[in-house]
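K.L.:
Dropping a prediction and its sequence here:
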Amino acid sequence: MRAPGSIVVRGSCALLLLALAVLAPAAAAVVSPVVAPAVEPAARVADPPAAPDISVELSPDRPEVGLVMSLVVTVSGSEGADCDLLDLPEVDGARLHFRGGPRTQRYQAFDSRTGRLTNSVATSWQFELVPELAGELVVPPFRFNCRGTELETDVQRVRVAPSSLISDDLVTLEIKPSTDELWVGQILELEVVAMIKPEAEDVIPRGGIELELPWISGTPGLHPRDIPHPNCRSVFPMPVNGGAAEVPLCQTREIVGGGSRLVFRTTVPMMATQAGTLTLPDARFSARLVIESRRERDSLFPGLFGRGTVVPTRVLVTDATASGPAVTVRPTPLDGRPPSYTNAVGRFVFGGAARPTSLSVGESCTLTLTLRNDGTGPSNLDLVEWPAYEQELDDFRLFGKDSDKGAGARVLEFELSPKDARVTEIPALTFSFFDTEAGRYETRTVGPFPLDVTPGGDGGLTELAAPEEVLNDLESIRTELPGPRGDGLPAWLAPGVALLVLLAVETTTRRRRWREAHPEKVVRKGARGTLEKALAAADGPAEAGSAFSRYLASRLDGPPGGLTAEEAAERLRARDAALADRLVATVGGWEAAYLGGATVDLNALRAEARALADAVEAAT
């Protein structure tokens, strides 16, 4: 019967399965020593991160001279987000500019080792490459630091074809110096004229023109001056040196060579600070021309708000280069240099006035000195240092001194009070400058200014050398007198006070007479104190250097305007040759740093000046 048979078969299968279940552990024990030992499952070790992949993409693939190329460097992998560009390589025959980055994108990628999708990162930097020469162009490696590991791209080589789309004269540039010979301290004016042809104007986008003037921020031997704002109807802010600055230029439409030109013009002043022949680096005027473009519609509202945006797809750069002019700079002569000369170079008008002219002893008047450019050419008016007129105003007490730089003028004011009624005038004062046109020193004089001085003021006390000296003498005598005893005022107090006043008057009168009889000794003795005050009040290296120059003059019996380091060294050389050489080297370093536009540590300069002053006093 089939039913019982079927039951038997199912029973046999069940018995077979039961036997296999019982025998399986034994079979495993027999086989496992042959195949592999039993091992406890271990924690899975993460695979080491893949090394970042670095790539370079250059486009378009058919470059031409002047054709703007896009260069993109991409670092793929998690380490790319922590990469820093170490430097921008120099490319011979092309201009390479940084345009943006790093930009990081996150995406999923298939890992063939694990068969899984993994999160990855790509970091990119964008650059602009403009070929300047036809032939093979070699782009050196870009170097990156990624989490302490340095990576670099492969060298890129492309073949550059001559330009087939632009002519050489679409833009032009001229640099015209005001002179080819000048003196140290004289202002050199460089006229910059850039022009564009009409056919190029329509294809230049906004921000598509630029000037490269490598000397505008200073070059050895020439110190930059402020560029005056142009006086014209239309002013264009021209980007300069890669957009590092903007210079205002006059923008005009002119007929040049029989054709219309868009002209940009300005004048850049530079002050000569070093003798010799100076050659400026070449300048360049660049214009970007959009040759091809496409219109991209708004992705959210196509056709709703206008017709989209025009995107340039093919851009060319055309350049005009102007050779840097060469100028010869001569030093101002030492022979014939007047004592009142400081550092004025150019042509100046020197004026003065005193008000009021009638006053009493103890009252004051204001002496106003003015200095202007005579208008025939540029000068270093804003850098001029005034002579030390205080020594010529010895008959007056100086109650105030104020220097001001106004519009086109320098003004110096003294608040003066005559020491006694015998003063009849403010003496004549001189100012000297080096006339660059005549090639010689010129001296201008103001005054004397007559005064009508009558007795008055403080009843004779104003005739003493200085009020503080009276107080010091009174204090010295007071400390030597015995103190009071008992109640009430001592009997000697009234005559003692009178005696103190008489002694103070006599002492200060004798001191004043001695000073009048030995003015050179007074100046030498007070030179160090004057230097310390001037160094503390100096706002910059020019003021500190001028104070030290006047100190040298006071200590070494020089002219009131000061001594140069060379002049002081000549007076010191017989006493201490090493000090003379040290003086010239130290002061020369100050001048070179200041006139060359370098940053000067004012505190270090003060310390050097004090050390030199100690050495000068020890030698004299």
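P.N.:
Happy to help now that I have it.
K.L.:
measure Thr118 to Phe110 for me?
P.N.:
Thr118 is 8 Å from Phe110, where distance means CB to CB, to the nearest Å. Placement of C-beta: from N, CA and C, glycine included.
K.L.:
From the rest of the structure, what touches stretch 570-580?
P.N.:
Outside stretch 570-580, the residues that touch it by CB atoms under 8 Å, 6 or more residues apart in numbering are Leu556, Gly558, Leu563, Ala568, Ala569, Leu583, Ala615, Val616, Ala619, Thr620.
K.L.:
and those as TSV, adding pLDDT?
P.N.:
Formatted as TSV, the contacts of stretch 570-580 follow (pLDDT from 0 to 100):
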residue	pLDDT
Leu556	84
Gly558	77
Leu563	80
Ala568	86
Ala569	87
Leu583	88
Ala615	88
Val616	87
Ala619	83
Thr620	78
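K.L.:
Neighbour-wise, which one of those residues leads?
P.N.:
Of all the contacts of stretch 570-580, Ala568 has the most neighbours under the rule other CB atoms under 10 Å, reaching 26 neighbours.
K.L.:
Then it would be within a helix, right?
P.N.:
Yes. Judged by DSSP: H, G, I helix; E, B strand; the rest coil, Ala568 forms part of a helix.
K.L.:
Strands of the stretch 351-500 of the chain, residue ranges please.
P.N.:
Ranges of strands within the stretch 351-500 of the chain are 358-360, 365-373, 396-406, 409-418, 425-426, 429-435, 440-446, 449-450, 452-454, based on DSSP state E, counting those that start in this stretch.
K.L.:
could you give the mean pLDDT of the longest one?
P.N.:
Right, the one you point to is strand 396-406. Averaged across strand 396-406, pLDDT comes to 84.
K.L.:
ok, now the fourth one?
P.N.:
Mean pLDDT, strand 409-418: 92.
K.L.:
List the buried residues of it.
P.N.:
Neighbour counts over strand 409-418 (16 or more other CB atoms under 10 Å) mark Arg410, Leu412, Phe414, Leu416, Ser417, Pro418 as buried.
K.L.:
beta partners for the spatially closest residue to the first one that is not a sequence neighbour?
P.N.:
Across the structure, with CB to CB, 6 or more residues apart in numbering as the measure, the residue nearest Arg410 apart from its sequence neighbours is Leu371 (4.3 Å). Under the criterion DSSP bridges, Leu371 forms beta bridges with Phe350, Arg410.
K.L.:
can you check Glu128 too?
P.N.:
Taking DSSP bridges, one obtains Ser70, His97 as the residues bridged to Glu128.
K.L.:
Could you check the pLDDT of it?
P.N.:
For Glu128, the predicted pLDDT is 89.
K.L.:
Number the residues from 710 up from this point.
P.N.:
Got it, the first residue is 710 from now on, which makes the last one we talked about Glu837.
K.L.:
Any idea how many residues pack against the residue nearest to Arg1119?
P.N.:
Residue crowding around Leu1080 was assessed by other CB under 10 Å; the count is 21.
K.L.:
these two touch, right, it and Ala1118?
P.N.:
Yes. Using CB atoms under 8 Å, Leu1080 is in contact with Ala1118, at 6.7 Å.
K.L.:
Please enumerate the shared neighbours of these two.
P.N.:
Residues touching both Leu1080 and Ala1118 by CB under 8 Å, 6+ apart: Leu1090.
K.L.:
Now for Glu799: which residues touch it?
P.N.:
Neighbouring residues of Glu799 by CB under 8 Å, 6+ apart: Leu805, Pro849.
K.L.:
re the thing from before, list just the one of the strands of the stretch 1060-1209 of the chain that sits closest to Leu1261.
P.N.:
Nearest of those to Leu1261, taken as CB to CB: strand 1138-1144 at 18.2 Å.
K.L.:
what's the angle between the closest one and strand 1118-1127?
P.N.:
For strand 1138-1144 against strand 1118-1127, the angle by axes from the mean of the first three to the mean of the last three CA atoms, to 10 degrees is 160 degrees.
K.L.:
Neighbouring strands - and their directions - for strand 1138-1144?
P.N.:
With DSSP bridges as the test, strand 1138-1144 pairs up with strand 1050-1054 (parallel), strand 1149-1155 (antiparallel).
K.L.:
and those strands, which is most packed in?
P.N.:
When the strands paired with strand 1138-1144 are scored by mean count of other CB atoms under 10 Å, the highest mean neighbour count falls to strand 1050-1054 (a mean of 22).
K.L.:
Now that strand: average pLDDT?
P.N.:
Regarding strand 1050-1054, the rounded mean pLDDT is 91.
K.L.:
Thank you, goodbye.
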